[in-house]
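In: I need the structure of the sequence given here:
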Amino acid sequence: MRGGLKMENAKNTQSPSEEQTLPLALPDGESARRVVGRWLRTNVGDALYPAEATFIAETFAWLVPVWFSTAAKPMVALVADVYVSAATGVFLGRPTREELIKRVTQISAESE
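Out: Prediction:
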């Protein structure tokens, strides 16, 4: 303060809401589904289906339920939940390939 007047920085004309933010790796649920779907096809096979993603604000992550699905029996059973960071696209929680295969085998045996 100088002479009773508050001095402001003339260069700082942006409000905090106008500041640039970094783009999100997964800005929407469909992006999260695609990432999970690609991982499933590459590591497990095509009998697992990533369902509609839900944004979890507390963890800033997408929750993508994974279902076992066949042509004869679509969406047979929930197999797992996969969590993916919205900011980075990194998997925060997912079962291993072996765990998924074991679960699908168990579901298949139960539905026979």
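In: for whichever helix or strand residue 37 is part of, which outside residues touch it?
Out: In the assignment (DSSP states H and E), residue 37 maps to helix 29-43. Helix 29-43 has contacts (C-beta atoms under 8 Å, 6 or more residues apart in numbering) with 25-26, 46, 48-55, 62, 64, 66, 82, 84, 86, 89, 91, 94, 97, 100. Where C-beta positions appear, they are placed from N, C-alpha and C, glycine not excepted.
In: buried set for it?
Out: By neighbour count on 16 or more other C-beta atoms under 10 Å, the buried set for helix 29-43 is 29, 31, 32, 33, 35, 36, 37, 39, 40.
In: against which helices or strands is the helix or strand that comes right after it packed?
Out: Going down the chain from helix 29-43, the next helix or strand is strand 48-50, by DSSP H and E. Using 3 or more C-beta pairs under 8 Å, 6 or more residues apart in numbering; DSSP states H and E as the contact criterion, the elements in contact with strand 48-50 are helix 29-43, strand 61-68.
In: run the angle between the longest one and strand 61-68 for me.
Out: If I follow you right, that is helix 29-43. 50 degrees (axes from the mean of the first three to the mean of the last three C-alpha atoms, to 10 degrees).
In: chain center to helix 29-43: distance?
Out: 9 Å (C-alpha atoms, centre = their mean, to the nearest Å).
In: same check, this time on the last one
Out: Average the C-alpha atoms of strand 61-68, do the same for its chain, and the two points are 8 Å apart (C-alpha atoms, centre = their mean).
In: which residues touch residue 108?
Out: Shown in contact with residue 108 (C-beta under 8 Å, 6+ apart): residue 68.
In: secondary structure class for it?
Out: helix (DSSP: H, G, I helix; E, B strand; the rest coil).
In: what's the pLDDT at it?
Out: Here, the pLDDT recorded for residue 108 equals 86.
In: cool, residue 101 as well?
Out: 94.
In: helix, strand or coil for it?
Out: Once three-state DSSP is applied, residue 101 turns out helix.
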